[in-house]
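In: I would like the atomic coordinates for the input below:
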Amino acid sequence: MDLTAFPPPSAFGLPPGFTAWRTHQVQAWQTILDAPTRFVAIVAPTGAGKSLIYMTAAVLTDGRVVILTATKGNQDQLEGGFSETGLLDMRGQDNYGCRAFQEGGDWFALRPDDEKDRSCHHGPCHVGLPCSYKEAGCEYYDRVRAVAGADYVSTNYAWWMATKRYSQDQRYPPSLLVLDEAHLSDAELSNGLQIKIDHWLLKATSKMPGQGVGDWQIAEWKQWAAWTAASIKAVLDNPPGKSPGALKYRKRLQQVERLCRNVMAMGVGDWVDDHTADAFVFECLHPAQYAEGLLFQGASKVVLTSATLTPKTLELLGVDPSEVTWYSMPSTFPVNRRPVVHVPTVRVDTKMTDLHWSAWVDRIDQIIGARPTWKGIVHTVSYARAKRLFQMSKHAHRMILVPPGQTASAVAGFRKYPEPMVLLSPAIMTGWDFPHDQCRFQILAKLPFPDTRSNIVKARQALDKDYGPHLMMQNLVQAVGRGMRDETDWCETFIVDDHWEWVRGKYKAFAPDWFWVAVKKSIVLPPPLVLAA
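Out: Residues are numbered from 1 along each chain as shown. As a prediction, the model looks like this:
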């Protein structure tokens with residue numbers, strides 16, 4: 001198709017800032033509109049401009065359109081780029097200020113002393129107190145009403161599913177539902193179903209679970225939930241007290257009552273306990289059975305788009321392959337600018353000896369040492385492995401070791417450093433971008449298989465041997481994209497875990513074609529890219 005002779009995006013009702021089409025964008029949105037199936041899968045590599053693709057389909061669709069994203073950053077980008085089309089952004093209550101707090105009055109005086117958050121999530125309406133702003137003047141509920149009548153809405157997976165689950169929302173199904181970052185959609189569905197009962201929250205009830213609660217079966221938890229819900233019903237049926245302590249207590253009881261309803265609804269045999277040190281956690285073994293009711297919600301057409309989308313994701317959502325139309329876009333990034341090179345080193349696992357560790361560190365040091373003027377990232381998969389590399393490497397003076405819980409501050413510092421630093425972290429394989437000189441090489445120090453200490457991962461892998469490898473390949477491909485953000489960029493990626501030898505052939509279907517064309521093997525460490533000259 002000659003895109004120069006095709007009308008520009010602005011001619012279709014898109015903002016005037018979009019003056020031309022990128023390669024394959026027109027074919028992609030035409031595929032969405034013309035697909036005979038309910039589900040449309042668009043594989044759109046970084047730089048393909050997928051937001052323009054689905055927003056063009058949106059403005060050409062009759063009826064309501066809802067776009068789901070997994071991060072606030074993506075919501076910000078959509079709102080900034082497409083608000084002129086009438087796109088309304090919707091977020092959770094924590095993102096809106098409560099006027100009852102802002103304007104003082106009785107509620108301001110009665111708030112618990114340790115309540116610092118003045119968002120709508122902590123407003124008086126959540127403890128049964130009247131609020132004159134809820135019907136008009138509340139930033140959150142006013143936005144909810146506006147979104148209900150909007151043609152184009154962007155929100156996050158969590159809000160979309162939670163409002164359906166807890167408010168019994170009877171909103172009209174959208175004509176078009178877009179699942180952006182769709183490689184995360186099955187995980188988002190699973191997270192939306194998760195039941196988490198913090199230990200501190202249970203202190204609000206009159207009776208804690210008995211001794212040995214960690215050994216309870218799902219049936220016993222359901223009995224506990226029924227008893228607890230009945231025991232707090234009388235308190236919640238009565239008007240709330242007005243002391244700060246009474247209000248705080250009532251709020252906790254409301255949280256417990258909601259959790260009890262969820263626990264009572266669990267099906268025996270389909271839920272797995274995955275408790276942590278701080279909470280009792282229950283995970284649904286087969287989230288796909290809830291995909292229609294919570295995620296798709298009767299949408300006439302559902303578009304799933306991601307750079308790493310594969311048929312396995314749709315399988316995990318319970319979508320029949322015969323109901324899917326696929327369109328895969330090739331990457332517009334030149335292959336010579338984004339090589340993914342496996343350099344044989346060692347198999348990185350729990351069987352490594354001291355000699356293996358030394359060989360692993362030496363290989364990583366070779367890669368870093370050959371690139372003395374470039375910034376780089378080492379994806380270590382675990383904090384323990386990052387720490388060990390830092391302690392053994394002769395390039396530790398160039399390294400930034402990211403402590404647990406300090407990823408954001410460490411990344412900010414790394415980006416600002418003028419020196420060619422190297423970031424060691426297990427937590428930046430997805431969700432972070434390092435364009436151009438912020439990252440010129442990456443090292444995948446270990447294949448990112450999921451943590452099998454998790455009961456839910458073990459249970460799902462027992463039923464589906466491909467579940468763990470699918471998650472691993474998704475994380476790996478996402479990691480490769482952290483340092484390559486546009487056509488003029490370039491970034492090398494090295495894999496030093498020799499498990500890649502068998503993974504590459506066995507699980508090829510779990511990564512898109514645009515990724516595989518850049519993958520190669522090199523017995524010796526290749527020299528730095530000539531593009532650096």
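
In: and after the helix or strand harbouring Glu257, which helix or strand comes next?
Out: Element membership for Glu257, per DSSP states H and E: helix 244-264. Following helix 244-264 in sequence order, the next helix or strand is strand 271-273 (DSSP H and E).

In: what helices or strands is that next one leaning on?
Out: Strand 271-273 is packed against helix 218-237, strand 279-284, helix 455-463, with contacts defined by 3 or more Cβ pairs under 8 Å, 6 or more residues apart in numbering; DSSP states H and E. Every residue, glycine included, has its C-beta placed from N, CA and C.

In: Columns distance to Leu52 on top of the ones you listed, output as JSON lines?
Out: Output for these, formatted as JSON lines (distance: least, Cβ to Cβ, whole Å):
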{"stretch": "helix 218-237", "distance to Leu52": "46"}
{"stretch": "strand 279-284", "distance to Leu52": "35"}
{"stretch": "helix 455-463", "distance to Leu52": "35"}
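
In: Return the most buried member of those.
Out: Ranked by average neighbour count under the criterion mean count of other Cβ atoms under 10 Å, the helices and strands packed on strand 271-273 are headed by strand 279-284 at a mean of 20.

In: neighbouring contacts of it?
Out: 190, 193-199, 213, 218, 221, 263, 266, 270-275, 290, 455-456 (Cβ atoms under 8 Å, 6 or more residues apart in numbering).

In: Which of the residues you listed are buried, as a ChimeraX select command?
Out: Selecting only the buried entries of those in ChimeraX, with 16 or more other Cβ atoms under 10 Å as the criterion:
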select :190,193,195,196,197,218,221,263,266,271,272,273,274,275,290,456
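
In: Asp89: which of the helices and strands packed on strand 271-273 is closest?
Out: Proximity to Asp89 (Cβ to Cβ) singles out strand 279-284 among those, at 28.9 Å.

In: May I see the buried residues of the helix or strand that comes right after the closest one?
Out: Downstream of strand 279-284, the next assigned helix or strand under DSSP H and E is strand 301-306. Of the residues in strand 301-306, those buried under the neighbour-count criterion (16+ other Cβ under 10 Å) are Lys301, Val302, Val303, Leu304, Thr305, Ser306.

In: quick check, distance from whatever helix or strand comes next after strand 301-306 to the centre of its chain.
Out: Using DSSP H and E, the helix or strand that follows strand 301-306 towards the C-terminus is helix 311-316. Relative to the mean C-alpha coordinate of its chain, helix 311-316 is positioned 16 Å out (Cα atoms, centre = their mean, to the nearest Å).

In: Now do the helix or strand just after helix 311-316 against strand 301-306, angle only.
Out: Using DSSP H and E, the helix or strand that follows helix 311-316 towards the C-terminus is strand 324-328. Between strand 324-328 and strand 301-306, the angle formed by their directions is 30 degrees, by axes from the mean of the first three to the mean of the last three Cα atoms, to 10 degrees.

In: Show residues contacting strand 324-328.
Out: By Cβ under 8 Å, 6+ apart, the surrounding residues in contact with strand 324-328 are 27-28, 31, 35-37, 39-43, 311, 314, 512-514.

In: switch the cut-off to 7 Å
Out: Residues external to strand 324-328 that are found in contact with it (Cβ atoms under 7 Å, 6 or more residues apart in numbering): 27-28, 31, 35-37, 39-43, 314, 512-513.

In: Report the buried residues of stretch 400-411.
Out: By neighbour count, and taking 16+ other Cβ under 10 Å as the criterion, the buried residues in stretch 400-411 are Ile400, Leu401, Val402, Thr407, Ala410, Val411.

In: on that earlier part again, pipe the contacts of strand 324-328 into a markdown table and attach pLDDT and distance to Ala20 per row.
Out: As requested, these are exported to a markdown table (pLDDT from 0 to 100; distance: Cβ to Cβ, whole Å):
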| residue | pLDDT | distance to Ala20 |
| --- | --- | --- |
| Gln27 | 95 | 15 |
| Ala28 | 97 | 15 |
| Thr31 | 97 | 20 |
| Ala35 | 98 | 25 |
| Pro36 | 98 | 29 |
| Thr37 | 98 | 30 |
| Phe39 | 98 | 29 |
| Val40 | 98 | 24 |
| Ala41 | 98 | 25 |
| Ile42 | 98 | 20 |
| Val43 | 96 | 22 |
| Leu314 | 97 | 32 |
| Pro512 | 94 | 25 |
| Asp513 | 93 | 26 |
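
In: Among those residues, the buried ones, what's the ChimeraX command?
Out: Selecting only the buried members of the contacts of strand 324-328 in ChimeraX, with burial defined as 16+ other Cβ under 10 Å, works like this:
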select :28,31,35,37,39,40,41,42,43,314,512
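
In: Which members of the contacts of strand 324-328 occur in strands, if any?
Out: When DSSP state E defines the strands, the subset of these inside them is Phe39, Val40, Ala41, Ile42, Val43.

In: these two touch, right, the third one and Pro311?
Out: No - between Ala41 and Pro311 there is no contact under Cβ atoms under 7 Å: 8.0 Å.

In: Not counting its neighbours along the chain, what's nearest Lys394?
Out: Across the structure, with Cβ to Cβ, 6 or more residues apart in numbering as the measure, the residue nearest Lys394 apart from its sequence neighbours is Asp365 (5.6 Å).

In: What residues sit buried inside the helix or strand hosting the one you found?
Out: For Asp365, the enclosing helix or strand under DSSP H and E is helix 354-369. Along helix 354-369, the positions that meet the burial threshold by neighbour count (16+ other Cβ under 10 Å) are Trp357, Trp360, Val361, Arg363, Ile364, Asp365, Gln366, Ile367, Ile368.

In: Are there helices or strands packed against it, and which ones?
Out: With contacts defined as 3 or more Cβ pairs under 7 Å, 6 or more residues apart in numbering; DSSP states H and E, the packing partners of helix 354-369 are strand 340-346, helix 383-392, strand 441-444, strand 492-497.

In: Appreciated, that's everything.
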